[in-house]
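> Here you go, sequence then predicted model.
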Amino acid sequence: MKNKERHVFLECTECRNRNYTTNKRLRADFKLEKKKYCPFCGKHQLHREKKL
Ligand SMILES: [Zn+2]
């Protein structure tokens, strides 16, 4: 059985740039949040999931 996944953006919570994409399981009902480097802010920022 194959896990259903969808692509989501990870959006910087500071400048709202969508710097990363990732896969997320469809069944997961939580919002992804990851600390990643934002090239626009020039530092690590919290990135939050946005739908494509
Ligand atoms: Zn940023």
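Right, received. Where do you want to start?
> what does the chain put close to the ion?
12, 14-15, 38, 40-41, 45 (C-beta under 5 Å from the ion). All C-beta atoms are positioned from the backbone trio N, CA, C, and that covers glycine.
> ChimeraX command for the buried members of these?
To isolate the buried subset of the residues of the chain next to the ion in ChimeraX, counting by 16 or more other C-beta atoms under 10 Å, use the following:
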select :12,38,45
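> So which residue is dead centre in the protein?
The chain has residue 10 as the residue nearest its centroid, 2.2 Å off, counting by C-alpha atoms, centre = their mean.
> Return the residues in contact with it.
18-22, 32, 34, 36, 47-50 (C-beta atoms under 8 Å, 6 or more residues apart in numbering).
> Residue 22: neighbouring residues, count only.
Residues lying near residue 22 (other C-beta atoms under 10 Å) number 15.
> That one contacts residue 7, doesn't it?
Yes: the criterion here is C-beta atoms under 8 Å, and residue 22 meets it with residue 7 at 7.4 Å.
> on that earlier part again, which residue in the contacts of residue 10 has the weakest pLDDT?
Among those, residue 32 carries the lowest pLDDT, at 89.
> Not counting sequence-adjacent ones, nearest residue to that residue?
In this structure, residue 32 finds its nearest non-sequential neighbour in residue 49, 3.9 Å apart by C-beta to C-beta, 6 or more residues apart in numbering.
> In contact with residue 23, which residues are there?
Here residue 23 is in contact with 5-8 (C-beta under 8 Å, 6+ apart).
> rerun that using 10 Å as the cut-off
Counting by C-beta atoms under 10 Å, 6 or more residues apart in numbering, residue 23 touches 3, 5-8.
> Quickly find the element holding residue 27.
In this assignment (DSSP states H and E), residue 27 forms part of neither any helix nor any strand.
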